[in-house]
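> coords please:
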Amino acid sequence: GSSFFNRVLVHELSHVVGLHVVPKGSMGNKTCIGERDKEFPCPLGGKLYNLKGIAKRSGRRGEIVGFDPQDRLHTLKLEFFDGQTPQADWFAEEDVDVRSNPFAISIVVQGSKKVLQIRSLVPNETLASLRGKVAKLLEVSPERTEIMPDKLTYAFAYTDADESRGLGILGVGEGAVLTCAVHDYDSKRLRLESATERVAGESGELEAWTVTILTYR
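Here you go, the predicted model:
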């Protein structure tokens with residue numbers, strides 16, 4: 001529907017014009033400063049703000065205290081429990097085993113009165129896996145489904161990059177309520193495309209004009 005297109009466009013345009021969107025939640029407005037002296041928002045809100053993690057290579061255990069979704073090499077910050085140095089360090093998401101107790105969530109099916117209960121989820125389970133489970137329950141193909149986040153723990157809409165991310169890092173935990181839209185089209189065929197043209201302005205300086213459109217292929 002139009003709300004889906006609007007969310008996608010707003011999300012992508014925020015990157016085009018350089019806006020910084022801070023997710024809301026119990027920790028959403030907290031600014032963390034990591035060892036790389038970089039400020040970033042912590043979208044670890046809701047019931048999973050105390051996620052634990054194990055560094056796969058060293059086996060050291062700690063608490064996840066930071067998340068930088070734009071940095072694939074230094075995505076998660078672990079603060080360790082063992083008193084050794086370093087007391088905290090950054091890791092790629094795939095190098096950390098995220099832990100919590102199994103949890104259950106609710107999926108509200110948009111445009112109907114259906115509410116699905118999904119149980120025995122774990123924080124490392126991906127958004128793509130959850131979408132597959134929901135599609136199976138609704139007896140539709142996963143490509144026709146769109147999972148939309150809990151507004152308390154995330155901003156706007158999930159992106160393609162989030163499909164491979166763990167639910168825990170996306171702020172999905174015990175009691176979360178997500179929404180599923182079932183489309184009559186394949187959402188994977190939607191593409192945001194842009195073109196930029198540079199023209200000389202009245203002052204003689206080059207001005208860049210960018211047009212972004214949503215296409216279906």
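
> Find the nearest non-adjacent residue to Lys56, please.
Counting by C-beta to C-beta, 6 or more residues apart in numbering, Lys56 lies nearest to Asp95, which is 5.3 Å off, once chain neighbours are set aside. C-beta coordinates here come from the backbone N, C-alpha and C atoms, glycine included.

> which residues sit in contact with the one you found?
Neighbouring residues of Asp95 by C-beta atoms under 8 Å, 6 or more residues apart in numbering: Ala55, Lys56, Arg57.

> Sort out for me which of these are in strands.
Using DSSP state E, the members of these that fall in strands are Ala55.

> From what I see, Leu170 and Thr126 are in contact.
No: here Leu170 does not reach Thr126: they are 9.3 Å apart, not a contact under C-beta atoms under 8 Å.

> so where do the strands sit in this structure?
With strands called from DSSP E, the chain shows them at 31-33, 39-41, 52-55, 61-67, 76-80, 88-91, 96-99, 103-109, 115-121, 145-148, 177-182, 190-200, 206-216.

> Adding mean neighbour count, write those out as a markdown table.
Shown next, in a markdown table, are the strands of the chain (neighbours: other C-beta atoms under 10 Å):
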| stretch | mean neighbour count |
| --- | --- |
| strand 31-33 | 12 |
| strand 39-41 | 17 |
| strand 52-55 | 20 |
| strand 61-67 | 20 |
| strand 76-80 | 22 |
| strand 88-91 | 18 |
| strand 96-99 | 19 |
| strand 103-109 | 18 |
| strand 115-121 | 13 |
| strand 145-148 | 20 |
| strand 177-182 | 18 |
| strand 190-200 | 10 |
| strand 206-216 | 10 |
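
> Quick one: closest of the ones you listed to Leu137.
Taking C-beta to C-beta, strand 115-121 is the member of the strands of the chain nearest to Leu137, at 5.6 Å.

> strand partners of that closest one, parallel vs antiparallel please.
Strand 115-121 pairs in its sheet with strand 103-109 (antiparallel), by DSSP bridges.
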